[in-house]
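Peer 1: structure of the sequence below:
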Amino acid sequence: MTDRLLLRRTILFGTPLLYIVLGILHPMEDPGLGEATGLFIGLHFAQMFLIAGLALSLWLLVDGLESRAATVTRALILPFVILYTTLDAIAGLGMGDLVRMANELPAAEQATLGPFIEELREPDIGGYVIYLGAGLSWFAAVVAAAVAVRTRVSRPALVLMALGALVFAVGHPKPTGPIGMALFLAGVVWLELRPRTAERPQPVAVQPI
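Peer 2: The predicted model follows:
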């Protein structure tokens with residue numbers, strides 16, 4: 001295995017694996033006043049790098065392809081990165097840090113901040129728009145990538161990738177996050193480790209004597 005191929009598969013296989021771990025460890029809800037925030041903040045800090053890993057994975061899946069589907073995949077990478085980073089990494093870090101600072105305040109001041117924190121835990125219409133945009137941009141990019149590589153692998157692998165992307169788009173915490181990434185990873189592994197067919201030797205033209 002060449003260094004280039006090793007790096008490619010490290011990114012393609014490693015990023016979903018780490019996201020599975022992140023989803024399993026992720027709390028079901030944002031932390032509330034008085035709750036521990038260390039794990040929540042750490043996971044959302046790590047998620048900034050994993051989002052970049054997913055973006056790079058999308059790029060690698062269509063590397064060298066010039067079809068319309070490959071172009072669509074590349075075009076959707078930037079919106080996905082912006083929306084998903086805004087939704088999960090920045091919002092998660094902001095919420096976690098706010099609760100952490102509130103926990104360090106005197107009890108009287110905590111009581112004042114309590115209703116404000118609880119209100120922030122309930123997303124408004126803008127939050128739902130970003131949530132839908134982040135999920136749809138990820139799902140659409142994976143579907144476009146699956147269409148772009150459809151001639152390289154059998155249909156079940158493409159279905160696994162698309163289905164995994166759809167499930168993950170619902171949310172990265174458990175159960176949807178780990179399940180979605182596991183399905184996506186299975187499709188990518190199938191694509192990457194598919195049997196290679198040997199090229200037929202070209203006939204040699206016989207020169208007349």
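Peer 1: go ahead and confirm residue 23 touches residue 182.
Peer 2: No. Between residue 23 and residue 182 no contact is recorded; they are 9.4 Å apart, counting by Cβ atoms under 8 Å. Where C-beta positions appear, they are placed from N, C-alpha and C, glycine not excepted.
Peer 1: more neighbours: these two, which one.
Peer 2: Taking other Cβ atoms under 10 Å, residue 23 and residue 182 do not tie; residue 23 has more neighbours (22 against 18).
Peer 1: what helix or strand is the residue nearest the centre of the chain on?
Peer 2: By Cα atoms, centre = their mean, the chain has its centre lying nearest to residue 54, at 4.8 Å. Per DSSP states H and E: residue 54 is located in helix 38-61.
Peer 1: may I see the buried residues of that helix?
Peer 2: 40-41, 43-44, 46-48, 50-51, 53-61 (16 or more other Cβ atoms under 10 Å).
Peer 1: same check on stretch 79-95?
Peer 2: 79-81, 83-85, 87-89, 91-93, 95.
Peer 1: any idea of the mean pLDDT for that stretch?
Peer 2: Mean per-residue pLDDT for stretch 79-95: 84.
Peer 1: CA-only coordinates of that stretch in CSV, if you can.
Peer 2: Below are the C-alpha coordinates for stretch 79-95, written out as CSV (Å, rounded to 0.1, in the frame of the first residue of the first chain):
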residue,chain,number,x,y,z
PRO,A,79,-22.0,24.9,2.6
PHE,A,80,-21.9,21.7,4.6
VAL,A,81,-18.8,22.8,6.5
ILE,A,82,-20.2,26.3,7.2
LEU,A,83,-23.6,25.1,8.3
TYR,A,84,-22.5,22.1,10.3
THR,A,85,-19.8,24.0,12.1
THR,A,86,-22.2,26.7,13.0
LEU,A,87,-24.9,24.2,14.1
ASP,A,88,-22.8,21.9,16.2
ALA,A,89,-19.3,23.0,16.9
ILE,A,90,-19.8,26.8,17.5
ALA,A,91,-23.2,26.5,19.1
GLY,A,92,-22.2,23.5,21.2
LEU,A,93,-19.0,25.2,22.4
GLY,A,94,-20.9,28.4,23.2
MET,A,95,-23.6,26.7,25.2
